[in-house]
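J.: Got a predicted model here, sequence first, then my questions.
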Amino acid sequence: MSGFSLIETTSFMNIWYWIITVVAWSMTAHWTLGVPYDTIRLADKRGGDFAEYCDLQAHLNARRLIYYFDKGGPYFIAFVGFLLALIGGWGFFQGQELALAMFVLVAPLMLTSVFSVRLAYRIKNEVLAGEELRKALRRRRIWNQTIGMVAIVSAAAATVYQFVVANNYFLHSPHASPFYP
């Protein structure tokens with residue numbers, strides 16, 4: 001078995017695609033606006049310095065995100081939107097599996113990023129702190145997890161589609177149809 005057999009040209013059937021997908025979504029679910037979930041739990045459980053640290057970390061990350069978004073956010077959104085449209089077109093209309101795999105992975109991650117920017121502006125404008133801030137972070141985390149679950153199910157559905165429909169699996173199989181002998 002050579003090392004090249006681990007690297008396949010198909011995207012959805014490649015183990016590395018699924019490793020990247022799982023790592024991306026587990027990190028997105030764990031780190032909400034740059035604050036790890038265990039920090040939020042410790043702030044709720046112990047309070048005091050832990051709560052101050054959680055608030056400080058959330059406010060610093062929110063200000064940092066707002067700074068970069070104010071500096072070039074609309075241009076970045078336009079560029080990413082163009083790239084997603086291009087990749088989506090290649091994937092859905094031209095049948096390029098790599099482009100479809102990238103779109104299925106990146107588009108939901110961009111959606112969570114948009115919601116994180118909204119949360120950052122909310123933290124700044126409403127000056128969220130304490131329990132109210134941690135509640136907003138927990139709510140954002142739950143939504144990130146929900147978007148992640150839908151994205152993983154969508155990736156699995158795209159995998160089945162690529163394997164069965166796009167590759168004409170039943171036409172090339174020795175048993176042409178599972179329903180007829």
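T.: Thanks, I have the structure now.
J.: Packing partners of the helix or strand that contains residue 75?
T.: Under the criterion DSSP states H and E, the helix or strand holding residue 75 is helix 49-92. Packing partners of helix 49-92 (3 or more CB pairs under 8 Å, 6 or more residues apart in numbering; DSSP states H and E): strand 35-36, helix 37-46, helix 97-126, helix 130-160. Placement of C-beta: from N, CA and C, glycine included.
J.: Would you mind getting the angle between the longest one and helix 49-92?
T.: So the one you mean is helix 130-160. Angle between the axes of helix 130-160 and helix 49-92 is 20 degrees (criterion: axes from the mean of the first three to the mean of the last three CA atoms, to 10 degrees).
J.: what comes up buried for helix 130-160?
T.: 133-134, 136-137, 140-141, 143-145, 147-148, 151-152, 155, 158-159 (16 or more other CB atoms under 10 Å).
J.: With the second one instead?
T.: Within helix 37-46, the residues that count as buried by 16+ other CB under 10 Å are 39-40, 42-43.
J.: ok, so of those residues, who is nearest residue 165?
T.: Of all these, residue 165 sits closest to residue 40, with 42.7 Å by CB to CB.
J.: just checking, that closest one touches residue 54?
T.: Yes: shown here, residue 40 and residue 54 form a contact pair, counting by CB atoms under 8 Å, at 5.9 Å.
J.: what do those two both touch?
T.: Taking CB atoms under 8 Å, 6 or more residues apart in numbering as the criterion, residue 40 and residue 54 both touch residue 134.
J.: tell me what whichever strand or helix holds residue 26 is packed against?
T.: Element membership for residue 26 (DSSP H and E) is helix 15-30. With contacts taken as 3+ CB pairs under 8 Å, 6+ apart, helix 15-30 sits against helix 97-126, helix 130-160.
J.: Packing partners of the helix or strand following it?
T.: As assigned by DSSP H and E, the chain's next helix or strand after helix 15-30 is strand 31-32. Applying 3+ CB pairs under 8 Å, 6+ apart, one finds that strand 31-32 contacts helix 130-160.
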